[in-house]
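Enquirer: please find the sequence and the predicted model below.
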There are 2 protein chains.
Amino acid sequence: MKTVLLVEDDSVLRENTAELLELSKYKILTAANGKIGVEMAKKHIPDIIVCDIMMPELDGYGTLEILSKDKKTNRIPFVFLSAKTERQDVRKGMNLGADDYITKPFTEDDIISAIESRLAKAAILEELNQAHKNGFALTQEKDEIKTLNDLKNFFDDYGTEFNYKKDDIIYYERDHSNYIYLISKGAVKCHRMDEQGKELVTALYKEDDLFDYTSFTTNIPHQETATAIADTTLLGVSILEFTELLNKNHKVVLELIELLADNLSDVKEQLLQIAYGTVNKKTAATILKFAEKINRKPDDPIKISRNDLASVAGIATETLIRALTEFKKLGIIKAEGRNIKVVDLERLKTIT
Amino acid sequence: MKTVLLVEDDSVLRENTAELLELSKYKILTAANGKIGVEMAKKHIPDIIVCDIMMPELDGYGTLEILSKDKKTNRIPFVFLSAKTERQDVRKGMNLGADDYITKPFTEDDIISAIESRLAKAAILEELNQAHKNGFALTQEKDEIKTLNDLKNFFDDYGTEFNYKKDDIIYYERDHSNYIYLISKGAVKCHRMDEQGKELVTALYKEDDLFDYTSFTTNIPHQETATAIADTTLLGVSILEFTELLNKNHKVVLELIELLADNLSDVKEQLLQIAYGTVNKKTAATILKFAEKINRKPDDPIKISRNDLASVAGIATETLIRALTEFKKLGIIKAEGRNIKVVDLERLKTIT
DNA sequence: TTCAAACCATGATAAAAGTCAGTTTTAAAG
DNA sequence: CTTTAAAACTGACTTTTATCATGGTTTGAA
């Protein structure tokens, strides 16, 4: 019988939920605030913790933070229970290292399925872990992750889903992240601001790309902001789980290095462009980047604002628009409403 | 008794060398050109191959290339024997994956010590390899590479030494490299050219830095040129050895990823600077980069040409010089001959 | 359908940085 | 110690691009 620790200040909600869970074959421990919750977690080591965010004494964020610093408790799946439906609050919780979240009001099904799915995932990870520790081969060959593709499948199977609308911010500069993401749908830009508030896009990720895979051993803050540039669904795996995975699957690490090296090479290319390219060249390169790398089909129209395009190219928006106007006159691109359609790809590539 | 395959077209030199090696307890096979050499290598699988570069029928480069494509022979240590003392020829050989080289004329000691040291290194690697395959722990704990520091020590112990004078080119764009380097002395810049021949420095490495660690699984060509910016000594480990090493020492891989992520972050920083920074800002940032990252002591004078500085900043040389002149007038830096000395570090950091 | 906000486009102007040509300084070789 | 070539510097001029201002379009919500 699995033990659930429920931390919730509202006594009515706490008792009702506890009762409901007890009927579903769980053993329940309850705590009225974070402080008590931390004590109980350390004492009883439950199998999963469900914790409210807004509480007196010690809130959910603080609770998680304390528990994740203790080796005895940092592996217990942690699920937030939150009345705050605002995305950024959930985000904050997940960034602190929570495994899932349930928004109030919730149904019986909501909470039970959340708990069950988390316990199931924890069990699988634990099994992998034990197999490795004992020096046994992994029980099921399909669980072995050899290629980047296997890794992506792992995200599909075990990742937590996050949804963002266009222009939602995924993380801010200076945020500490505890997740690695696979983009299941949509696209993401990573950007930085300079002192004058000018924005520069330093990376673009599309469907099926991994991102935020920078630091695994130290928890350094982000140096850029990530924003959804379309309605986006991410699958996230916590860094803790991820590094464990890497420790057990060495081959894929080399592929990850490759991925990083590719990124590095791309950024250096962009650097060379921005340093010495003319405006026309930068504009052409930027359109090509979107047409070839971000769009799923090469001849789909480019649905990105002039502003974003300019901040990838590293030039003023008006300057980019002038270059676009020139390209239109030359018959290289054409406008479809606000979108841009590439007419003559080859000529675009030879712009100097 | 170890077997040495000696491939050399000059019959006098071949016979003399063979005799000399036979007296030193080696079994010798000889071949008069690369074509025969390849056949003999595949047939007899010697413990080490010593091969001349300039030969009729098939030269040393071709010989190495063929042998390194065959699984049976690609692990045999390969030592070039070359009359060409020119660095670039040696370079070409090493980049193809040779393990060492001896330049003619050589003494008895030269060749014997080269062969012995290569055989010794091969034996150690083989031992590590066997231990791993059999699932045994590594025999000696000191051989286990856990941290980046251990990795650097490995380069010190087993790396092949290469020497470059200031402005020597280490590799060219489009070269295929088979080495990972640790800088034992000196400094290296990596740079790219744009179509107009303008140079942009995309990375700087100093003493004790690793570089050229981009791709391990596929042999993609370099996308930048690497040049020594001072007299430089490199310690190189072949990619084959290196990946083997990584397969046996997983922990250090995560640190390598970290290193790459740091690089990426640096380049992005440079990108932001170049995109929207003013000339003064770029100049200040470049000086700081050299003062803080490349110089061993922060207040050593910066001994880099204005040209190189400008190509790190991504601006015209004259423009950089004007900015320097301004800084001198403001008392932020001063000139010591051609070198630059930072007088007021704090003010340099606040330049806008 | 209407309306406002956000976005796109263009002209005029100012500022910044690159280019070219020529002079001075530096450092390395004889 | 001289010589000399390369590097550093300066000035005049040109080009490029950002900025500011303004009017036209598109889009999505009321």
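Expert: Received the coordinates, thanks.

Enquirer: tell me how many other residues surround residue A:333.
Expert: Burial of residue A:333 is recorded as 26 neighbouring residues (other CB atoms under 10 Å in any protein chain shown). Every C-beta, even on glycine, is put in place using the N, C-alpha and C of the backbone.

Enquirer: with adjacent residues omitted, what lies nearest to it?
Expert: residue A:327 (4.8 Å; CB to CB, 6 or more residues apart in numbering or on different chains).

Enquirer: where's that neighbour, which helix or strand?
Expert: Using DSSP states H and E, residue A:327 maps to helix A:317-329.

Enquirer: list the buried ones in that helix?
Expert: Using 16 or more other CB atoms under 10 Å in any protein chain shown as the test for burial, helix A:317-329 gives A:320, A:323-324, A:327.

Enquirer: before we move on, what about stretch A:98-108?
Expert: Residues of stretch A:98-108 classed as buried: A:98-102, A:104 (neighbour count, 16+ other CB under 10 Å).

Enquirer: neighbours of residue A:314, just the number please.
Expert: 25.

Enquirer: oh, that last question was meant for residue A:200, not what I typed.
Expert: For residue A:200, using other CB under 10 Å, the count is 24.

Enquirer: that one: what's it in contact with?
Expert: A:191-194, A:311-312, A:314, B:271-272, B:275-276 (CB atoms under 8 Å, 6 or more residues apart in numbering or on different chains).

Enquirer: ok, those vs residue A:304, which is closest?
Expert: Residue A:304 lies nearest to residue A:312 out of the contacts of residue A:200, by CB to CB, at 8.4 Å.

Enquirer: low-confidence ranges, chain A, go.
Expert: A:84-92, A:95, A:124-143, A:217, A:298 (pLDDT under 70).

Enquirer: return the set of buried residues in stretch A:151-167.
Expert: A:151-152, A:154-155, A:158-160, A:162, A:164.

Enquirer: now render those as TSV, adding secondary structure and distance to residue B:302.
Expert: As requested, the buried residues of stretch A:151-167 are exported to TSV (DSSP: H, G, I helix; E, B strand; the rest coil; distance: CB to CB, whole Å):
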residue	secondary structure	distance to residue B:302
A:151	helix	44
A:152	helix	46
A:154	helix	48
A:155	helix	46
A:158	helix	51
A:159	coil	48
A:160	strand	49
A:162	strand	47
A:164	strand	46
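
Enquirer: return the member of the residues you listed nearest to residue A:211.
Expert: Closest to residue A:211, out of all of those and judged by CB to CB, is residue A:155, at 11.4 Å.

Enquirer: please, which helix or strand holds the nearest residue to the closest one once chain neighbours are set aside?
Expert: In this structure, residue A:155 finds its nearest non-sequential neighbour in residue A:182, 3.9 Å apart by CB to CB, 6+ apart. Using DSSP H and E, residue A:182 maps to strand A:179-185.

Enquirer: ok, that strand: who's next to it in the sheet?
Expert: strand A:210-211 (antiparallel), strand A:232-238 (antiparallel) (DSSP bridges).

Enquirer: what residues sit buried inside the last one?
Expert: In terms of neighbour count (16+ other CB under 10 Å), strand A:232-238 has its buried residues at A:232, A:234-238.

Enquirer: what's the answer for stretch A:204-211, then?
Expert: Buried, per 16+ other CB under 10 Å, within stretch A:204-211: A:204-207, A:209-211.

Enquirer: same check on stretch A:291-310?
Expert: A:291, A:294-295, A:301-304, A:308-310.

Enquirer: reformat those residues as JSON lines; add secondary structure and distance to residue A:117.
Expert: Shown next, in JSON lines, are the buried residues of stretch A:291-310 (three-state DSSP; distance: CB to CB, whole Å):
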{"residue": "A:291", "secondary structure": "helix", "distance to residue A:117": "39"}
{"residue": "A:294", "secondary structure": "helix", "distance to residue A:117": "32"}
{"residue": "A:295", "secondary structure": "coil", "distance to residue A:117": "34"}
{"residue": "A:301", "secondary structure": "coil", "distance to residue A:117": "39"}
{"residue": "A:302", "secondary structure": "strand", "distance to residue A:117": "38"}
{"residue": "A:303", "secondary structure": "coil", "distance to residue A:117": "34"}
{"residue": "A:304", "secondary structure": "coil", "distance to residue A:117": "36"}
{"residue": "A:308", "secondary structure": "helix", "distance to residue A:117": "36"}
{"residue": "A:309", "secondary structure": "helix", "distance to residue A:117": "40"}
{"residue": "A:310", "secondary structure": "helix", "distance to residue A:117": "43"}
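
Enquirer: can you narrow the residues you listed to ones near DNA strand C?
Expert: Among these, no residue is within reach of DNA strand C (CB under 7 Å from any atom of the strand).
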